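> let me see the structure of the following:
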Amino acid sequence: MPNFAKSAATMMCLGSDKIMMGYLAELGPIDPQISLPGQPPIPARSFIEGLEMVREKIKKGDPPSMYLTMLQNIRPEIISICTSAIEDAKCFAKTWLSKYMLKNDPKHAENVATWLSDGHTYKSHGKVINHHEAKDTLKLNVERIDPDSALWCWIWELYLRATIEMVTKGSETAKIFESQTVSLTTTVPFTKRL
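Now for the predicted structure:
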């Protein structure tokens with residue numbers, strides 16, 4: 001991976017035997033995003049933590065009426081969806097780390113899954129987990145790709161081709177297929193996705 005893999009892409013990486021990282025590469029916390037009608041996606045953890053923050057302020061003496069309008073707009077099923085998404089992400093990470101990269105140390109696999117999903121170790125969705133931290137702190141099986149190697153040149157070329165494709169076709173590109181002899185894309189008109 002030449003650039004960054006956040007949240008869902010990090011979870012995909014955790015299902016591998018080894019993560020190969022270029023000099024720009026970064027992983028991120030696993031932090032599911034929830035889409036609510038008419039709003040941009042928000043981190044599930046932010047929704048839950050926002051509710052907890054209001055609860056703590058009321059406990060410390062803020063009048064509940066101060067938050068009444070806001071709390072009336074919170075649907076219980078959204079809280080449940082957020083909580084389930086966080087737990088599912090943690091379970092996914094633990095399962096795949098235990099099956100592949102950390103198969104010889106299930107306790108460590110559980111710890112890493114917790115650190116990446118609990119919102120305490122990595123508080124921000126955009127937190128950078130670089131090669132050094134992934135290898136030395138999280139103790140993942142990570143290898144840094146030499147930027148002068150043939151492997152890096154191939155990965156960088158694929159990355160650039162995909163980037164150019166995405167820029168020229170924009171949101172219509174759904175999949176990119178690469179082989180030694182051909183580059184193909186499938187497109188879906190944006191209106192068909194809605």
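> lowest average confidence, helix or strand, in the chain?
helix 190-193 (a mean of 48; mean pLDDT, DSSP states H and E).
> next up, the contacts around the closest residue in space to Met21 that isn't next to it in sequence.
Spatially, and ignoring its direct neighbours in sequence, Met21 is nearest to His131 (4.6 Å; CB to CB, 6 or more residues apart in numbering). In short, each C-beta sits where N, CA and C put it, glycine included. Contacts of His131 were listed using CB atoms under 8 Å, 6 or more residues apart in numbering, and they are Met21, Tyr23, Ala25, Val142, Arg144.
> can you name the two of the residues you listed that sit furthest apart?
Comparing every pair within the contacts of His131 by CB to CB identifies Tyr23 and Val142 as the most remote, at 12.9 Å.
> helices or strands up against the longest helix along the chain?
In the chain, taking DSSP state H as the definition, the longest helix is helix 76-99. Applying 3 or more CB pairs under 8 Å, 6 or more residues apart in numbering; DSSP states H and E, one finds that helix 76-99 contacts helix 8-14, strand 33-34, helix 44-59, helix 106-117.
> so which of those gets nearest Val167?
That would be helix 8-14 among the helices and strands packed on helix 76-99, by CB to CB, at 19.3 Å.
> where does pLDDT dip in this protein?
1-5, 169-171, 174, 188-194 (pLDDT under 70).
> swap in 80 and give it another go.
For the chain, the stretches with pLDDT under 80 are 1-6, 125, 161-162, 164-180, 183-194.
> still on that earlier bit, of the contacts of His131, closest to Lys99?
Val142 (17.4 Å).
> would you agree the closest one is in contact with Met21?
Yes: Val142 is in contact with Met21 according to CB atoms under 8 Å; the separation is 5.9 Å.
> overlap of the contact sets of these two?
His131, Ala134.
> now render the helices and strands packed on helix 76-99 as JSON lines, adding mean neighbour count and distance to Thr186.
Converted to JSON lines, the helices and strands packed on helix 76-99 look like this (neighbours: other CB atoms under 10 Å; distance: least, CB to CB, whole Å):
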{"stretch": "helix 8-14", "mean neighbour count": "19", "distance to Thr186": "20"}
{"stretch": "strand 33-34", "mean neighbour count": "16", "distance to Thr186": "24"}
{"stretch": "helix 44-59", "mean neighbour count": "15", "distance to Thr186": "30"}
{"stretch": "helix 106-117", "mean neighbour count": "19", "distance to Thr186": "32"}
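> great, nothing more from me.
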